[in-house]
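Q: Just need the structure, nothing else, for what follows:
(4 chains, ligands or ions: 2)
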Amino acid sequence: MSFDVQKVRADFPVLAELINDKPLVYLDSANTSQKPNAVIDAMTQFMQHGYAPTNRSAYQLAADATDKFEGARAKVATFINAPKVHEVLYTKNATEALNLIVRSWGTANLSAGDAVVLTHMEHHANIVPWQMLAAERGFTIRWVPLTSDGLLDLSNLDTLLDGAKAFSFTAMSNVLGTINPTAALCAAAHKAGAIAIVDACQAVPHMPTDVQAWGADFVTFSSHKMVGPSGLGILWGRESLLDAMPPFLGGGNMISDVKLEGFTYAELPAKFEAGTQPVIEAIGLGAAVDYLTAIGMDNVRAHEQDITVLALNSLNDRFGSDITIHGSTDAALRGATISFAYRDVHPHDISQVLDQNNVCVRAGHHCAKPLMRLLGANATVRASFYLYNTPSDVTALCDALSEAGDFFTL
Amino acid sequence: MSFDVQKVRADFPVLAELINDKPLVYLDSANTSQKPNAVIDAMTQFMQHGYAPTNRSAYQLAADATDKFEGARAKVATFINAPKVHEVLYTKNATEALNLIVRSWGTANLSAGDAVVLTHMEHHANIVPWQMLAAERGFTIRWVPLTSDGLLDLSNLDTLLDGAKAFSFTAMSNVLGTINPTAALCAAAHKAGAIAIVDACQAVPHMPTDVQAWGADFVTFSSHKMVGPSGLGILWGRESLLDAMPPFLGGGNMISDVKLEGFTYAELPAKFEAGTQPVIEAIGLGAAVDYLTAIGMDNVRAHEQDITVLALNSLNDRFGSDITIHGSTDAALRGATISFAYRDVHPHDISQVLDQNNVCVRAGHHCAKPLMRLLGANATVRASFYLYNTPSDVTALCDALSEAGDFFTL
Amino acid sequence: MPGLEDLYREIILDHYKSPRNRGSLEPPAVRSEGHNPLCGDEIEVFLIVKDGIVDDIKIGGQGCSISQSSASMMSAAVKGKPVEQARALIHRFKHMMSIDEGGEEPDTSAPLGDLEALQGVVKFPVRIKCAVLSWNTLAEALDIAAE
Amino acid sequence: MPGLEDLYREIILDHYKSPRNRGSLEPPAVRSEGHNPLCGDEIEVFLIVKDGIVDDIKIGGQGCSISQSSASMMSAAVKGKPVEQARALIHRFKHMMSIDEGGEEPDTSAPLGDLEALQGVVKFPVRIKCAVLSWNTLAEALDIAAE
Ligand SMILES: Cc1ncc(COP(=O)(O)O)c(C=O)c1O
Ligand SMILES: Cc1ncc(COP(=O)(O)O)c(C=O)c1O
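A: Ligands and ions are numbered 1, 2, ... in the order given. Okay, the predicted model is just below:
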């Protein structure tokens, strides 16, 4: 299928909004993405015509809702090439998925003297849960450092992994855009006897994902970053690991039996899905997966690569030494998430001027404070592009940026 | 405001659905409720025109989304008369809210030798998390028994509470419909030096709720049972308790600072809200709260009480000794959730015949297996009514039930 | 929408009202237990395997007409049969219930007898779990007996 | 939509470019630290209270023009003033930023001086946290000094 960005844009109603008579230039998709009509309609239709409990009641309406809910799980499994549908678990977001792994797998496997390896470019969601458990259990966290162009410095990886029980890393940095060599990192983890956990929040929405080709043990991501609704995340895990782990949250749906003396738990996936699930959201994510599949994840990646080249070139051409772009300059090694510093103007002030032009970027630490310290910044401006962004969005960013420059050099 | 059930029904598009040319008779609201246009539209509008990250980015669209998201929190606070808005925490469902309390408060406060008091009519969500922590910590769980008409047997309450650290109970049984004397139970807990945790899943949707009048310490409920979307629950807690508790999930948003060596956490409510929150869902719940407030929770309760009287009378009149209704026969002591047994026909078979007439009831253990054992049943049929149900729904239930009787007495 | 007669064939109601092989067996008979967490149905299978033959089988527990009649028919179908044949029948029955467990297509040449009547359950997806519960429990009992 | 001039008054940019009381103080000066978790801004307040008077104050940390200029103006406004007056000013400033902490309405009779320029921030709700960060940090420092 050929990719037509104008056609894509027409699917996203918010992109047609005018704010103060100017169009919206949404460059914050690494934070959260906009939603196409296909997703909005799937949720609306379901609420209007088919809402019912899932996996609980036996009447037709409930059976149909259950089919849609479980059907969405199957779609997600196909989308990431999971070997088994029941290895795909619904969570509330990627953060909960990571906490689930740390609490459930970690509690069963980590104690004092053990080590877990993270990287310097992790999101807080892949740091804090480990720190919380480490404070209880006394295991060590080791950190893979970065090279000066924002790639993982793998020169000492084998030493870092030596004796480690888990290697947990992001497939793509949400600050630098760096795409990590996920399959090689999983292989290195396994060679050292560690499990490999991939935070794929920034990868699944933007490029084809194959958890088997990666060779990962756990993969996590969020619906809201991949044109799906909020309130839903995904944890994929190998059946053998998930089967061996204790449950995470207790309650309805995850049990096989409950007596006063104790409970027994259900099989996958119910074992890890306590309580009423995000049903409307799962149906929305199913529609999101269909939407992205129809467009083709190869096309999404190719389009974003084009935009990345254009954006890097435009920013450098127009602002030269006034701008410092963090991370790699090679668009083949990175996604369309671009963090930068502009002279000594504070990112918050830049984003203010940009906002005056409806250019929406994030200014801040992007939930990656350890990385920010490494960059020597409290904050950066981050423009992140997605399948619906155009070359004219790049122009709008550059124009607004030079206005910011003018304003703060009064 | 006067209450007009036909007007209410017109707000719920699914109730106008015809299945096989017959109208839908939805009697499964204790499981999950249907959604009015006001909620569906609020979510749709937000996704079409205003979707953006909350509490992260600084541009106008994001600020507006944050206002709506935080505004919904304020609405919920008003709805339950919470003293402070930041005591209202978003979770993914009531189950997660209960797990949060048990994990966070429980881990800090419970050890071997301690005791926690639950009741025999609890939902698995208010049992299993306690059993999970008890298995780790070795504290004891004590159970408040029931009287033969399905009320809590409070004759030994003070003995049961003696030395206990927490009393966690449902405000209304999801099986028997029993409404518990919540304020008195909270007072008894406090007299014994225990905290009072109220599972208000079945109360908040159906009657006016005032957490201060209850004198509770924690109150939990789910959006999807109160005409709001799935994927969202609420935990209200006293500020002093929440402040003293360790965080539950770790990640973005809940931190103040993160260094390689460790993290410090944010203030309420962010402290307990790790990761991207159910934003679309919160806006939906805000609309649900507005909707219920406009109708008036007193009116909802009065309407349901009328329906309960009618249903109890109709079932008894038409089926006499063929039907056994569990729980109290006094509509003042119960909500509109009615569990029953019909001759020796299995509930699953009854629900099948009912479904053939589009009468949607739940047949099963209702996530309350300890209670079912007490009733001596593996399953019951449960018909649960809500603000949109009518006297003719009661008739439809009775008609379908006599059809089931005929069919299984061939 | 399929009608009630599609689901509740006469032979099913007959097995429900007069269940075959109802009861329990003392050890050395093996015992396994199945739950349907959805609806609370419980099945117990008591099994004696002798010389590779299902020498005796008894069924306990409670459940709806579909789960009870399925268990009753199952017990009648496997009693006195070689273990291999019982396993093949489990595979074939689940296949009929549209549960694909991989492996070879089952041999459907032999007549199914009473079990044929459960075919209609497939049109009521929610009830498939009811029909299959006893079969899964039997599979577990066979595994235990083989240990 | 309010324009940039509403937010970035000249006096604000002046304080941003030439911050007053920038630096640090050694103990026995007290120190407190504030973070804006939203954007990463950090403020340090160093404070010496002597005989109920803010004897000296220095400001460290990094942040945007709003948080930095607010801190600079604040330091100038409270230096040499009685602690009670500093606390009253915190209350009044947060009130101006539409943050209601309960308690009495602040006395707004005294002129605010440079701080008046920050009034425009209220129209940019996201930036209120920037403006208030240093004031919360000062409140904490005053609490520590009072211990
Ligand atoms: C009394 C009671 N408590 C807890 C729950 C759990 O709620 P949820 O499944 O939304 O987490 C329910 C509903 O299922 C309930 O009825
Ligand atoms: C790399 C990465 N990991 C984890 C997360 C956390 O995702 P969520 O906030 O949806 O839980 C994010 C996004 O915020 C992210 O970019």
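
Q: ok, C:Ala77 - how many residues close by?
A: Using other Cβ atoms under 10 Å in any protein chain shown, C:Ala77 has 20 other residues around it. For the C-beta atoms, the positions are set from N, CA and C on the backbone; glycine is no exception.

Q: The helix or strand hosting it - contacts with which helices or strands?
A: In the assignment (DSSP states H and E), C:Ala77 maps to helix C:65-78. If contacts are counted by 3 or more Cβ pairs under 8 Å, 6 or more residues apart in numbering or on different chains; DSSP states H and E, helix C:65-78 sits against helix B:347-356, helix C:10-17, strand C:42-50, strand C:53-62, helix C:83-96, helix C:125-146.

Q: tell me the angle it makes with helix C:83-96.
A: With axes from the mean of the first three to the mean of the last three Cα atoms, to 10 degrees defining the directions, helix C:65-78 sits at 150 degrees from helix C:83-96.

Q: one step back: the helices and strands packed on helix C:65-78 into CSV, with extra columns for distance to ligand 2?
A: Below are the helices and strands packed on helix C:65-78 laid out as CSV (distance: least, Cβ to the nearest ligand atom, whole Å):
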stretch, distance to ligand 2
helix B:347-356, 38
helix C:10-17, 49
strand C:42-50, 39
strand C:53-62, 43
helix C:83-96, 38
helix C:125-146, 33
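
Q: what about the ones you listed, which gets the closest to B:Phe69?
A: helix C:125-146 (37.0 Å; Cβ to Cβ).

Q: any residue of the closest one up close to chain A?
A: Yes - Helix C:125-146 is in contact with chain A by Cβ under 8 Å from any Cβ of the partner chain, via C:Pro125, C:Val126, C:Arg127.

Q: Show the contacting residues for the first one.
A: Contact analysis of C:Pro125 by Cβ atoms under 8 Å, 6 or more residues apart in numbering or on different chains lists A:Ala63, A:Asp67.

Q: ok, the residue in chain C that chain A sits nearest to - how many residues close by?
A: Closest residue of chain C to chain A, Cβ to the nearest Cβ: C:Val126 (4.4 Å). Per other Cβ under 10 Å, the neighbour tally for C:Val126 reads 22.

Q: picking up where we left off before, so which of the helices and strands packed on helix C:65-78 is the most packed in?
A: By mean neighbour count, with neighbours taken as mean count of other Cβ atoms under 10 Å in any protein chain shown, helix B:347-356 ranks first of the helices and strands packed on helix C:65-78 at a mean of 26.

Q: Now C:Ile128: closest residue in space that isn't a chain neighbour?
A: Spatial nearest neighbour of C:Ile128, chain neighbours left out: C:Met97 (5.0 Å); criterion: Cβ to Cβ, 6 or more residues apart in numbering or on different chains.

Q: ok, now which ones touch the one you found?
A: Contacts of C:Met97 by Cβ under 8 Å, 6+ apart are C:Leu118, C:Val121, C:Val122, C:Ile128, C:Ala131, C:Val132.

Q: that older thread, and the angle from the helix holding C:Ala77 to strand C:42-50?
A: Using the same axes, to 10 degrees: helix C:65-78 against strand C:42-50 is 0 degrees.

Q: chain center to helix C:65-78, what's the gap?
A: 5 Å (Cα atoms, centre = their mean, to the nearest Å).

Q: Am I right that A:Leu374 falls within a helix?
A: Yes - according to DSSP: H, G, I helix; E, B strand; the rest coil, A:Leu374 belongs to a helix.

Q: give me the number of residues near the nearest residue to it once chain neighbours are set aside?
A: Excluding its sequence neighbours, the residue lying closest to A:Leu374 (Cβ to Cβ, 6+ apart) is A:His120, at 5.7 Å. Neighbours of A:His120 under the rule other Cβ under 10 Å: 18.

Q: Check A:His120 and give its pLDDT.
A: A:His120 carries a pLDDT value of 98.

Q: thinking it is in contact with A:Val144, fair?
A: Yes - in this structure A:His120 lies within contact range of A:Val144 using Cβ atoms under 8 Å: 6.5 Å.

Q: Any figure for the gap between C:Gln119 and ligand 2?
A: Distance of C:Gln119 to ligand 2, computed by Cβ to the nearest ligand atom, to the nearest Å: 46 Å.

Q: ugh, wrong one, I meant A:Thr178
A: According to Cβ to the nearest ligand atom, A:Thr178 stands 11 Å off from ligand 2.

Q: Does that residue touch A:Phe169 like I think?
A: No - shown here, A:Thr178 and A:Phe169 do not form a contact pair, counting by Cβ under 8 Å, at 10.9 Å.

Q: For chain C, what lies in contact range of chain A?
A: So chain C meets chain A at C:Met1, C:His35, C:Pro37, C:Leu38, C:Cys39, C:Pro125, C:Val126, C:Arg127 (Cβ under 8 Å from any Cβ).

Q: Tell me who's in contact with C:Ile48.
A: C:Ile48 touches C:Leu25, C:Pro28, C:Ala29, C:Val30, C:Val54, C:Asp55, C:Asp56, C:Ile57, C:Ala145, counting by Cβ under 8 Å, 6+ apart.
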